[in-house]
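K.L.:
generate coordinates for the sequence data below:
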Amino acid sequence: MRDVSFAYAEVDVLRDVNMVIGAGEFSAIVGPNGGGKTTLVKLILGLVEPARGTTEIFGHPPPRFTRRIGYMPQHPHLDAAFPVTVLDVVMMGCLGGNRFGPPPRRARLRGIESLREVGCENLQRRAFGALSTGQQQRALLARALVTEPELLILDEPTANLDPSIQDDLYELLHRLNQRMTVIVVSHDVAFVSKYVTRVVCVNRDVVLHPTKDVTSDMLSALYGRGGVRLVDHGHHAHDSGDH
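P.N.:
Got it, this is the predicted structure:
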């Protein structure tokens, strides 16, 4: 992004954004609710146009290579009562343009492989609405993976998940990061796991930091409140030697 600004009804949402996310990075976009995180993602995806500046993905304007991007939205707008199987939901990720009808065999096999990758192959024939929240999140992640993207973007993927399930999800994202760039959006900076290499702080202004350089003062300024402390999850406890 170069000098990107965006406004809704003449109210600035993002201003003068300059950032580069390199291939293979695991980046976290963090900031308060209403700070512009989702708008930033929409700009990356080409869903909205900047008022000023330019955005490029893979060296081109965003809409040109949409199948190279896997996206897991914060609110998928799926009716839990609709009679659709888990595999059906995953296969929705293959739809594009004006293609309708049953997906080709190769795409179906890819959908099953995506479910296997997220540990949900055995759920493919289950009704999507019958799944737990954590299982639904994994199925939606499989939908984002079905086109074998080079860039994976997830908007608030850990919302309403138990801590243990969150940890499992980040372990999975770490494995996926071995072959694709990963961007995770969250309003909760506590989620930033040991795997994240870069933090993108968003509150109208956008500032990038390596994870190790994020300080409590930075977070206090970002969230507009004092008393923010950081806990280092990588140190050894004095007595037990545990992490």
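
K.L.:
tell me the domain ranges of this protein?
P.N.:
Here the chain is described, according to automatic domain parsing, as comprising the domains 1-58+150-215, 79-148.

K.L.:
output these as JSON lines; include the columns mean pLDDT.
P.N.:
Rendered in JSON lines, the data for the domains of the chain read as follows (pLDDT from 0 to 100):
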{"stretch": "domain 1-58+150-215", "mean pLDDT": "86"}
{"stretch": "domain 79-148", "mean pLDDT": "84"}
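
K.L.:
let me have these in TSV, extended by distance to residue 72 and mean neighbour count.
P.N.:
Placement of C-beta: from N, CA and C, glycine included. Conversion of the domains of the chain to TSV gives the following (distance: least, C-beta to C-beta, whole Å; neighbours: other C-beta atoms under 10 Å):
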stretch	distance to residue 72	mean neighbour count
domain 1-58+150-215	4	17
domain 79-148	5	17
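
K.L.:
may I see those domains organised as CSV, with distance to residue 71 added?
P.N.:
Compiled in CSV, the domains of the chain are given as follows (distance: least, C-beta to C-beta, whole Å):
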stretch, distance to residue 71
domain 1-58+150-215, 5
domain 79-148, 6
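
K.L.:
OK, contacts around the spatially closest residue to residue 107 that is not a sequence neighbour?
P.N.:
In space, residue 107 comes closest to residue 94 once its chain neighbours are excluded; the distance is 4.7 Å by C-beta to C-beta, 6 or more residues apart in numbering. Under the criterion of C-beta atoms under 8 Å, 6 or more residues apart in numbering, the neighbours of residue 94 are 103, 107, 110-111, 146-147.

K.L.:
quick one, phi/psi of residue 94?
P.N.:
With angles defined as degrees, to the nearest 10, residue 94 shows backbone torsions of phi -90, psi -10.

K.L.:
going forward, the N-terminal residue is numbered 48.
P.N.:
Renumbered: residue one is now 48, and that last one reads residue 141.

K.L.:
and it, how far from residue 157?
P.N.:
Using C-beta to C-beta, to the nearest Å, one obtains 8 Å as the distance from residue 141 to residue 157.

K.L.:
sorry, back to before: would a markdown table of the contacts of residue 141 with secondary structure and distance to residue 116 be doable?
P.N.:
Below are those laid out as a markdown table (DSSP: H, G, I helix; E, B strand; the rest coil; distance: C-beta to C-beta, whole Å):
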| residue | secondary structure | distance to residue 116 |
| --- | --- | --- |
| 150 | coil | 19 |
| 154 | helix | 17 |
| 157 | helix | 16 |
| 158 | helix | 18 |
| 193 | coil | 12 |
| 194 | coil | 8 |
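
K.L.:
list just the nearest of those residues to residue 216.
P.N.:
Distances from the contacts of residue 141 to residue 216 were compared by C-beta to C-beta; the smallest belongs to residue 193, at 17.7 Å.

K.L.:
now that closest one: how far from residue 199?
P.N.:
12 Å.

K.L.:
what is in contact with the two at once?
P.N.:
Jointly contacting residue 193 and residue 199 under the rule C-beta under 8 Å, 6+ apart are residue 117.

K.L.:
who touches both of residue 141 and residue 157?
P.N.:
Counting by C-beta under 8 Å, 6+ apart, the shared contacts of residue 141 and residue 157 are residue 193.
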